[in-house]
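Engineer: Provided below are the primary sequence and the corresponding predicted coordinates.
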Amino acid sequence: MIAQLSSAVVRAILVMIVIATPSLLLPAASSDSAQVVMLVALFAAGFTLSEYASTYPGLIEFRDAPPFNRVRVIGAFVTLFFLSLIAGSPDGPETLFLIVNATGLVMAHALDFPYSPIWLLRVFLPDNATQADLTMLRAMGGLSFLVGLVTISIFAIIMRLKSWPNPNTSFNVWVNLPTFDPTAGGDVVTRLTRDSRINLILGFVLPFLMPILASYGIENLDVSIGTSPLMMVWLVTLWSFLPVTLLMRGMAMGRIAHMITERRKRLVREMADGDELAALA
């Protein structure tokens, strides 16, 4: 119990640090924005603490199937940290800023073709945006896209090398997939496969849809993100983090469906072997 509670406290503190990272690296636009970020960080930390300190499932998926959530959190932290460096635009020739900015621009140049996700990011900016704002947004988009690809690749490698989740241990569907009801009807493998494909499709489509949907929200709320580096960092992070999360979830659910199928085949073979031995006896 003590170990579980201490682990939950550490996770809550790490989540709070991840959310507060852009506010710590970027100059505060106003005291109100800092207070809002702090409230969101405290709420996320409290939610994480309640989820991991409880023995019963809540809303966080794959809670007992590491390192699914760890890879996601690390990917989000790296994205927020690097985008905050780009948005900070230091006047001095800082090496880390130059490397990060150049990497983002190279990726953006490689992926910036008509109607690509990077090309659609420009709808975040107003019509009177400067070339410097567009360059910064392209660098942030390219870098976040690269971090997302690396995050997905790392999770895929872990699945391949470590046979995630470990097939030698039991996988509790109730704890790790609290929003998935295996008794809702139909074959579990079929439903898991269907949900996996839906998540994969949404993960591929969201980078194209989110800029368009966000542009309508920005126009209706009359918000200009060109003057708010903090808002730009969060918008670009969400633009890359949500599809990565859906792709990872689709890969994970497909893996679980495959694992259940293999166990069923193994049980069928064991039953067949048992019937043959009984017939010989």
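Structural biologist: That came through, no problem. Numbers count the residues shown, from 1 in each chain.
Engineer: For stretch 183-197, buried residues please.
Structural biologist: Residues of stretch 183-197 classed as buried under the neighbour-count rule (16 or more other Cβ atoms under 10 Å) are 188, 191, 192, 193, 195, 196. In this view, the C-beta of every residue, glycine as well, is placed from N, C-alpha and C.
Engineer: so who does the third one touch?
Structural biologist: It stands for residue 192. Counting by Cβ atoms under 8 Å, 6 or more residues apart in numbering, residue 192 makes contact with 180, 253, 254, 256, 257, 260.
Engineer: Can you tell me the element the closest residue in space to the fourth one that isn't next to it in sequence falls in?
Structural biologist: Same thing as residue 256. Distances taken as Cβ to Cβ, 6 or more residues apart in numbering put residue 192 closest to residue 256, at 5.8 Å, once the chain neighbours are dropped. In the assignment (DSSP states H and E), residue 192 maps to helix 188-221.
Engineer: got it, and residue 75?
Structural biologist: Residue 75 belongs to helix 68-88 when elements are defined using DSSP H and E.
Engineer: Distance from that helix to the middle of the chain?
Structural biologist: 10 Å (Cα atoms, centre = their mean, to the nearest Å).
Engineer: Name the next helix or strand downstream of it, please.
Structural biologist: Helices and strands here follow DSSP H and E; after helix 68-88, the next one along the chain is helix 95-111.
Engineer: and that next one, what other elements does it pack with?
Structural biologist: helix 68-88, helix 117-120, helix 131-162 (3 or more Cβ pairs under 8 Å, 6 or more residues apart in numbering; DSSP states H and E).
Engineer: Where does pLDDT dip in the protein?
Structural biologist: Counting by pLDDT under 70, the chain shows low-confidence ranges at 1, 28-32, 89-93, 167-169, 217-227, 273-281.
Engineer: Please repeat the previous calculation with a cut-off of 50.
Structural biologist: For the chain, the stretches with pLDDT under 50 are 92.
Engineer: how does it divide up, domain by domain?
Structural biologist: According to automatic domain parsing, the chain comprises the domains 1-55, 62-280.
Engineer: quick one, what contacts residue 79?
Structural biologist: Shown in contact with residue 79 (Cβ under 8 Å, 6+ apart): 143, 144, 147, 148, 237, 240, 241.
Engineer: for those residues, which one is nearest residue 174?
Structural biologist: Distances from residue 174 to the contacts of residue 79, taken as Cβ to Cβ, are shortest for residue 241 (26.6 Å).
Engineer: How many neighbouring residues does the residue nearest to the closest one when sequence neighbours are not counted have?
Structural biologist: For residue 241, ignoring the flanking residues on the chain, the nearest one in space by Cβ to Cβ, 6+ apart is residue 76 at 5.4 Å. Other residues near residue 76 come to 22 when the count uses other Cβ atoms under 10 Å.
Engineer: Next: residue 153.
Structural biologist: Per other Cβ under 10 Å, the neighbour tally for residue 153 reads 10.
Engineer: Check the gap between it and residue 251 for me.
Structural biologist: Per Cβ to Cβ, to the nearest Å, residue 153 is found 11 Å from residue 251.
Engineer: Just the element for the spatially most central residue of the chain, please.
Structural biologist: The chain has residue 245 as the residue nearest its centroid, 3.4 Å off, counting by Cα atoms, centre = their mean. For residue 245, the host element (DSSP H and E) is helix 229-280.
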